[in-house]
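*Asks:* Here is a sequence with its predicted model. Questions after.
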Amino acid sequence: MNYTVEQFIEDVKKEAIALRQYATPEELHKLNLNTLNPVSLFECIYGQMTGNCKSSRASMLIMNCCQQFIKYSFDEDDIDTITQMAVGKRLDGADNLESFEKARGCRFELEILYLSALEAYIMIPDADVANLLSYLKGETDTLDL
């Protein structure tokens, strides 16, 4: 299956809409554009909101909000376009928080990281990350990607 840019943007929108619904206002308020780092356990979207993206709360948010994972290899020198990212499937067999955390724990490898669609989006150089965070925080109802 070819994963198009249009499908990717749709997955990012779905994740953002769901995250705005499921995260608490306090969690969303913690989002900070200046320290945002999608490959950090603590400074990625879910890490900023919960303190650590491997926490049970982060896992719950990811399970409820993220439909698509993007496989990112640290061996790549640069990410210029979405076509340089390979699509990872949603975690198989994860139908509850316990099974999700177990499946997710097996997928953090040294050279490969699975990012949510939203976190992959913020790695694109011309992404409108400021608008995305404003949308998540409820500062705007317009989600321009």
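*Replies:* Received, thanks.

*Asks:* could you show me where the strands are in this structure, in order?
*Replies:* Listed in chain order, the strands found in the chain under DSSP state E are 69-73, 86-88, 112-116.

*Asks:* dump the residue contacts of residue 137.
*Replies:* By Cβ atoms under 8 Å, 6 or more residues apart in numbering, the contact list for residue 137 reads 28, 29, 31. Every C-beta, even on glycine, is put in place using the N, C-alpha and C of the backbone.

*Asks:* mind listing the helices for this protein?
*Replies:* Secondary structure of the chain (DSSP state H): helices located at 5-22, 25-29, 45-50, 56-65, 97-105, 117-121, 129-137.

*Asks:* For the longest one, give me every contacting residue.
*Replies:* If I follow you right, that is helix 5-22. Residues outside helix 5-22 that contact it (Cβ under 8 Å, 6+ apart): 28, 45, 61, 64-68, 70, 82-83, 116-118, 120-121, 132, 135-136, 138, 143, 145.

*Asks:* what angle do that helix and helix 129-137 make?
*Replies:* 40 degrees (axes from the mean of the first three to the mean of the last three Cα atoms, to 10 degrees).

*Asks:* which parts of helix 5-22 are buried?
*Replies:* 8, 11, 12, 13, 14, 15, 16, 18, 19, 20 (16 or more other Cβ atoms under 10 Å).

*Asks:* which one is residue 66 nearest to, not counting chain neighbours?
*Replies:* Setting aside the residues directly before and after it, residue 66 is nearest to residue 116 in space (Cβ to Cβ, 6 or more residues apart in numbering), at 4.2 Å.

*Asks:* Do I have it right that residue 52 meets residue 42?
*Replies:* Yes. If you go by Cβ atoms under 8 Å, residue 52 and residue 42 touch, sitting 6.0 Å apart.

*Asks:* Pretty sure residue 122 sits against residue 37.
*Replies:* No. Contact criterion Cβ under 8 Å: residue 122 and residue 37 do not qualify, at 9.1 Å.

*Asks:* The two - which one has more neighbours?
*Replies:* residue 122 (20 against 15; other Cβ atoms under 10 Å).

*Asks:* The strands of the chain: lowest mean pLDDT?
*Replies:* Mean pLDDT is lowest for strand 86-88 among the strands of the chain, at a mean of 42.
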